[in-house]
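Enquirer: Provided below for reference: sequence and predicted model.
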Amino acid sequence: MVHCSCVWFRKYGNFIDNLRLFTRGGSGGMGYPRLGGEGGKGGDVWVVAHNKMTLKQLKDKYPQKRFVAGEGANSRVSALKGSKGKDCEIPVPVGISVTDENGKIIGELNKEKDRILVAEGGLGGKLLTNFLPLKGQKRIIHLDLKLIADIGLVGFPNAGKSSLLSQVSHAKPAIADYAFTTLKPQLGKIMYNDFRQISVADLPGLIEGAHMNKGMGHKFLKHVERTRQLLFVVDISGFQLSSQTQYRTAFETVILLTKELELYKEELQTKPALLAVNKMDLPGAQDKFQELMHQLQNPKDFLHLFEKNMIPERTMEFQHIIPISAITGEGIDELKNYIKTSLDEHANQDDDTYHKKQLLNLQISNTIPYSEPPPKNSVTSPIDVI
Ligand SMILES: Nc1nc2c(ncn2[C@@H]2O[C@H](COP(=O)(O)OP(=O)(O)OP(=O)(O)O)[C@@H](O)[C@H]2O)c(=O)[nH]1
Ligand SMILES: [Mg+2]
């Protein structure tokens, strides 16, 4: 059997599925003891779900990862009741669970515009507080993208994704020779001899225009987002939806899948990915596979064959390309091993980045001179919320 090692080695670390943030509600405004005026309440910090957002975008936009709401206005003669401080909104992707420093769940955001209050603003100064304002709530929060599986199967309809899932796990997905057999994600678990388990999500087939909601469209792409790594599955003999639509070779399906991911969310393209070339039992498959490898190794030489709007900005970089047959079982053991190695490599990479960051923080905190904190109960400094 043909054995392929890595064609392109991809850079890790672009896909983010969790983030730690500092949040603080705004301090309240000062009261006005002489006239009994109340300071405005400090602004609140909210986490708000947006369909187009990713954790990577959030991190790039706010590298400090600090979110502090506005202060409430002080009470004045002209406005005895001070106005409320400005709220701060943290835009996050849909499908996020928010936990506090101790791992306690604060809430979950499951659809567009869902919002959760994470840090409340302090009360304005009033009679009850001796006209002193309260500080806003301070909270470290963790955002976690709720992953449905370690591996997500990505491919055109009929590529054999469900057949593959039934080969590697005990799952019994529907399999048929018509497009869109799978209508919603189906989960299976690969069991390894060392008792390791890796979850695989069989996803509905993707067609050109999915980002514009063609075929199973957005629903499908939303699921792709929720997996740690991708396993592209392509039919070596290509794909044709119907006699009215264009025939696509295996290489074209790889490029078109890449483009759809890119059009939906560029970040999807940065996930580690493997490519399984399926149906290698069909006649002529070996020759087609050699041709596909040649095209994947020199994609630029073949991209002119596509319409401009179908060419992805970046071609997918597969860690491994594995020829398989979901029917005969050819290549399945190799594929299972590559899946395991790929997840392990990525996990180690995360650990490495984490340790490097910790070390850097330690070095930085050693070089910052210590400064005396301001006195706690001084009249002008807001007091802590108890
Ligand atoms: N010859 C051959 N046929 C295969 C192989 N894998 C799948 N098939 C056939 O291809 C057809 C589609 O298989 P599915 O597993 O339903 O494909 P899918 O990718 O899940 O399709 P959708 O759910 O519609 O996206 C079925 O008729 C399978 O029997 C393979 O390795 N070799
Ligand atoms: Mg299917």
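Expert: Okay, I see it. Ligands and ions are numbered 1, 2, ... in the order given.
Enquirer: which SSE is the residue of the stretch 201-350 of the chain found nearest ligand 1 in?
Expert: Using Cβ to the nearest ligand atom, the single residue of the stretch 201-350 of the chain nearest to ligand 1 is residue 205, 2.7 Å away. For glycine as for every other residue, the C-beta is placed from the backbone atoms N, C-alpha and C. Secondary structure assignment for residue 205, by DSSP states H and E: no helix or strand.
Enquirer: state the distance from the closest residue to it other than its chain neighbours to residue 179.
Expert: Once flanking residues are discounted, residue 205 sits nearest to residue 157: 3.0 Å by Cβ to Cβ, 6 or more residues apart in numbering. Applying Cβ to Cβ, to the nearest Å, the value for residue 157 to residue 179 is 3 Å.
Enquirer: helices of this structure, start to end?
Expert: With DSSP state H as the criterion, the chain has helices at 55-61, 161-168, 217-225, 250-264, 285-297, 332-367.
Enquirer: contacting residues for residue 335?
Expert: Residue 335 sits next to 168, 274, 276, 322, 324 when contact means Cβ atoms under 8 Å, 6 or more residues apart in numbering.
Enquirer: could you find the closest non-adjacent residue to the fourth one?
Expert: To tie it back to what came earlier, the one meant is residue 322. Nearest to residue 322 is residue 335, by Cβ to Cβ, 6+ apart, at 4.8 Å.
Enquirer: mind checking pLDDT for that neighbour?
Expert: pLDDT recorded at residue 335 is 98.
Enquirer: which residues touch residue 338?
Expert: Residue 338 neighbours (Cβ under 8 Å, 6+ apart): 274, 319-320, 322.
Enquirer: ok, and the most crowded of those?
Expert: residue 322 (25 neighbours; other Cβ atoms under 10 Å).
Enquirer: residues contacting it?
Expert: The contact partners of residue 322, by Cβ under 8 Å, 6+ apart, come to 4, 274-277, 331, 334-335, 338.
Enquirer: one more pass at 6 Å, please.
Expert: Residues counted as contacts of residue 322 (Cβ atoms under 6 Å, 6 or more residues apart in numbering) are 276, 331, 334-335.
Enquirer: name the nearest residue to residue 111, ignoring sequence neighbours.
Expert: residue 94 (6.0 Å).
Enquirer: residues near the one you found, how many?
Expert: Here the number of neighbours of residue 94 (other Cβ under 10 Å) works out to 20.
Enquirer: beta-bridge partners for the closest residue to ligand 2 within the stretch 201-350 of the chain, please?
Expert: Nearest residue of the stretch 201-350 of the chain to ligand 2: residue 202, at 5.9 Å (Cβ to the ion). Beta-bridge partners recorded for residue 202 (DSSP bridges): residue 153, residue 186.
Enquirer: least confident of the helices of the chain, on average?
Expert: With a mean of 72, helix 332-367 has the lowest mean pLDDT of the helices of the chain.
Enquirer: got the residues of the chain near ligand 1?
Expert: Where the chain comes near ligand 1, counting by Cβ under 6 Å from any ligand atom, the residues are 155, 157-163, 175-177, 179-182, 204-205, 278-279, 281-282, 325-327.
Enquirer: among those, name the buried ones.
Expert: Using 16 or more other Cβ atoms under 10 Å as the burial test, the residues of the chain next to ligand 1 include 155, 157-163, 175, 179, 181-182, 204-205, 278-279, 325-326 as buried.
Enquirer: per the record, what domains does this structure have?
Expert: For the chain, the structural domains run 2-145, 149-343, going by automatic domain parsing.
Enquirer: before we move on, the earlier item: state the pair within the contacts of residue 338 that is farthest apart.
Expert: The most widely separated members of the contacts of residue 338 are 319 and 322, with 10.1 Å between them, by Cβ to Cβ.
Enquirer: before we move on, back to that, tell me which of the contacts of residue 335 is nearest to residue 294?
Expert: Distances from residue 294 to these, taken by Cβ to Cβ, are shortest for residue 322, at 16.7 Å.
Enquirer: separation between the closest one and residue 72?
Expert: On the measure of Cβ to Cβ, residue 322 and residue 72 end up 60 Å apart.
Enquirer: gap between the nearest residue to residue 20 once chain neighbours are set aside and ligand 2?
Expert: Distance criterion Cβ to Cβ, 6+ apart; nearest residue to residue 20, sequence neighbours excluded, is residue 142 at 5.4 Å. According to Cβ to the ion, to the nearest Å, residue 142 and ligand 2 sit 34 Å apart.
Enquirer: equivalent analysis for residue 135, please.
Expert: Using Cβ to the ion, we find residue 135 at a distance of 55 Å from ligand 2.
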